[in-house]
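Chemist: how would this look folded up:
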Amino acid sequence: MSKTILKFDDIERTQPECPHFAECGGCAYQDVPYEEQLEAKREYMAGLLKQNGLPLDVYEGIKPSPEIFEYRNKMEFSFGDYRKGGELTLGLHKRGRFMDILSTEKCRIVDEDFDAIVAAAQEYFRNAGLTHYNRRTHEGYLRFLVVRKGKNTGEILINLVTSSRPDADLCGFTELMKSLKLSGKLMGVLHTVSDNPSDAVMPQSTETLFGRDYIYDKILDLTFKISPFSFFQTNSHGAEVLYDTIKEYAGDIKDKSILDLYCGTGTIGMTLAGEAGEVTGIEIVEEAVQAAKENAQINDISNCRFFAGDAGGVLNEIEVRPDIVVVDPPRPGIGAKTAEKVIGLAAEKIVYVSCNPVSLMNDLKLLKNNYSINKMVNIDMFPHTSHTECVCLLERV
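Modeler: Below you'll find the predicted structure:
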């Protein structure tokens, strides 16, 4: 799927706050004033609607992120080298370079605790003499350092991801992480083994080196348990804007039945459960469904039920007559098969949450004979990048 490129004609560039910006691939537009970034995303969305023959008058523009720096609650840093054969680096990919890793000890989209952890880990492993994993030869040990921090709790989880060879002693690394002076509280240090050749964390095993293997964070007065591989919106305060918008678009949900497709760990469904009659969540990732059930118990929510499996398959097996369907699919969207299932449910409303405007356009065209687009808005969850979240309300014709 093609990457979104925003256009900035005749914009006077500003001095970026991040010292790594010139080379780093993490942010594309930090040298563009934030208001101009929002306007470019608004114009991009309006252009997509026009290109796809969809109504422009329903589009309500874009809501800004509450924070434009230090907004991320999770970051996946890669081990590598800046130049072939150079010293070990830990950070983000160099812009446009798959193999080159830039040491990012002063990243501005995460807070200072992330920077301190990265700097200490990089120095430790340089001195330890351990090799980084080579993405071409698939040899080497150190792969990723994944850091999570609850924005509203301050709880921190560190997950070191390596290959299975060699079997290194990580006691020194663990003690170093425990000794760091952080503003948040370190709750756990993990070691995950992954020999999968793809450039993604696909765990074979995870060991807890210190503490526990999860943290808690709060969103809209609800508490969520976040495990190392749980999906959780990476901009916590932006997620509060997103979930408030979903509630606003859903309208009067008192005693209504809500179907939450692609429910993940149940965050959207649980934010609606306080007013709704019942919420049914469906998610293909079994671990996420278990987390959703646990999060419902933590928050003493009794009117949510969650099912693991493909949306179409689960809908064939359970009886559900939703008044409102909420869909929050992955980047490819829902596609024709699931769209047909959703249409067959004949719900009054669909609240479509999208992380990919292009696939949203495709899905809206699949739904438009049965549902009219009532309103649509973007929420900027990822300042300084081309990404944007979109919420769309559809009502049955």
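Chemist: In this structure, what helix or strand scores lowest on average pLDDT?
Modeler: helix 311-317 (a mean of 84; mean pLDDT, DSSP states H and E).
Chemist: What residues sit buried inside that helix?
Modeler: By neighbour count on 16 or more other Cβ atoms under 10 Å, the buried set for helix 311-317 is 311, 314-315. To be clear about C-beta, it is placed using only N, CA and C from the backbone, and glycine gets the same treatment.
Chemist: Please apply the same query to stretch 201-216.
Modeler: Buried, per 16+ other Cβ under 10 Å, within stretch 201-216: 201, 206, 209-211, 213-215.
Chemist: Among these, which lie within strands?
Modeler: 206, 209-211, 215 (DSSP state E).
Chemist: Looking at those residues, which is nearest Leu54?
Modeler: Distance to Leu54 across those (Cβ to Cβ) is lowest for Ile215, with 40.3 Å.
Chemist: separation between that closest one and Lys225?
Modeler: 8 Å (Cβ to Cβ, to the nearest Å).
Chemist: picking up where we left off before, the buried residues of helix 311-317 into JSON lines, with extra columns for distance to Val391?
Modeler: Shown next, in JSON lines, are the buried residues of helix 311-317 (distance: Cβ to Cβ, whole Å):
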{"residue": "Ala311", "distance to Val391": "19"}
{"residue": "Val314", "distance to Val391": "24"}
{"residue": "Leu315", "distance to Val391": "23"}
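Chemist: Can you show me the helices along this structure?
Modeler: Using DSSP state H, the helices of the chain run over 34-51, 112-128, 171-179, 236-250, 267-273, 286-298, 311-317, 335-345, 357-367.
Chemist: Using PDB, write down the CA coordinates of the third one.
Modeler: Presented in PDB, the C-alpha positions along helix 171-179 are these (Å, rounded to 0.1, in the frame of the first residue of the first chain):
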ATOM      1  CA  CYS A 171      22.000 -10.100  34.500                       C
ATOM      2  CA  GLY A 172      24.300  -7.000  34.000                       C
ATOM      3  CA  PHE A 173      21.800  -5.400  31.600                       C
ATOM      4  CA  THR A 174      18.900  -6.000  33.900                       C
ATOM      5  CA  GLU A 175      20.700  -4.500  36.900                       C
ATOM      6  CA  LEU A 176      21.700  -1.500  34.800                       C
ATOM      7  CA  MET A 177      18.100  -0.900  33.800                       C
ATOM      8  CA  LYS A 178      17.000  -1.200  37.500                       C
ATOM      9  CA  SER A 179      19.700   1.400  38.500                       C
END
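Chemist: Quick one: neighbours of Tyr124, just the number.
Modeler: 17 (other Cβ atoms under 10 Å).
Chemist: got it, and Cys107?
Modeler: 26.
Chemist: Quick check: the gap between it and His384.
Modeler: From Cys107 to His384 the distance is 11 Å (Cβ to Cβ).
Chemist: quick one, which of the helices of the chain is packed in tightest?
Modeler: Ranked by mean neighbour count under mean count of other Cβ atoms under 10 Å, the helices of the chain are led by helix 267-273, which reaches a mean of 25.
Chemist: how about the CA coordinates for it, as PDB?
Modeler: What follows is helix 267-273 as a C-alpha-only set of coordinates in PDB (Å, rounded to 0.1, in the frame of the first residue of the first chain):
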ATOM      1  CA  THR A 267     -10.700  -0.300  24.800                       C
ATOM      2  CA  ILE A 268     -13.300   1.200  22.500                       C
ATOM      3  CA  GLY A 269     -16.100  -1.200  23.700                       C
ATOM      4  CA  MET A 270     -15.300  -0.500  27.300                       C
ATOM      5  CA  THR A 271     -15.400   3.300  26.900                       C
ATOM      6  CA  LEU A 272     -19.000   2.800  25.500                       C
ATOM      7  CA  ALA A 273     -20.100   0.100  28.000                       C
END
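Chemist: other SSEs contacting it?
Modeler: Packing contacts for helix 267-273, counted by 3 or more Cβ pairs under 8 Å, 6 or more residues apart in numbering; DSSP states H and E, involve strand 222-226, helix 236-250, strand 257-261, strand 278-283, helix 286-298, strand 304-308, strand 324-327.
Chemist: Reformat these as JSON lines; add distance to Glu395 and mean pLDDT.
Modeler: Shown next, in JSON lines, are those (distance: least, Cβ to Cβ, whole Å; pLDDT from 0 to 100):
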{"stretch": "strand 222-226", "distance to Glu395": "28", "mean pLDDT": "93"}
{"stretch": "helix 236-250", "distance to Glu395": "10", "mean pLDDT": "97"}
{"stretch": "strand 257-261", "distance to Glu395": "15", "mean pLDDT": "96"}
{"stretch": "strand 278-283", "distance to Glu395": "20", "mean pLDDT": "95"}
{"stretch": "helix 286-298", "distance to Glu395": "27", "mean pLDDT": "92"}
{"stretch": "strand 304-308", "distance to Glu395": "24", "mean pLDDT": "95"}
{"stretch": "strand 324-327", "distance to Glu395": "10", "mean pLDDT": "96"}
